[in-house]
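All I have is the shape, not the residue letters:
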């Protein structure tokens, strides 16, 4: 049925998460014989960490703070609406001559 266990690690991080942190996570995945993992951080990932996950098996998805915030906004999770703007457009049918 295509149902796999996906392991998740989340870290509250202010700076860059480097390759060594991702390698530790991948090592844990190997220990569980896992094929998929998601690493979430409130910070950013270094270029080396991003490049590392491109060429490995198991598959690891990296979600940085910016992406996490966008996902939260998209699904309305942990956010609240403060202001709603209404955008108007000209109804050209109204001005059509008969």
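Great, that's in hand. Quick caveat, the model's predicted, so the values are computed rather than measured.

CA only for contacts and neighbour counts going forward, please
Noted.

for the lengthiest helix in the chain, the distance to its chain's centre please.
Longest helix in the chain by number of residues (criterion: DSSP state H): helix 19-31. Here the centre of helix 19-31 is set off from its chain's centre by 18 Å, with C-alpha atoms, centre = their mean, to the nearest Å.

Likewise for stretch 8-24?
Distance, centroid of stretch 8-24 to centroid of chain: 14 Å (C-alpha atoms, centre = their mean).

Please apply the same query to stretch 56-71.
In terms of C-alpha atoms, centre = their mean, the centre of stretch 56-71 is set 4 Å apart from its chain centre.

first to last residue in it, what's the distance?
Stretch 56-71 has an end-to-end distance of 25 Å (criterion: C-alpha to C-alpha, to the nearest Å).

Mind giving me the packing neighbours of the helix or strand harbouring residue 38?
Under DSSP states H and E, the secondary-structure element containing residue 38 is strand 36-41. Packed against strand 36-41 by the contact rule (3 or more C-alpha pairs under 8 Å, 6 or more residues apart in numbering; DSSP states H and E) you find strand 6-11, helix 19-31, strand 59-63, helix 65-75.

Direction included, what does the shortest one pair against?
Yep, that's strand 59-63 we're talking about. Neighbouring strands of strand 59-63 in its sheet, by DSSP bridges, are strand 36-41 (parallel).

Let me know the pLDDT of the most centrally placed residue in the chain.
By C-alpha atoms, centre = their mean, the chain has its centre lying nearest to residue 63, at 3.4 Å. In this prediction, residue 63 carries a pLDDT score of 97.
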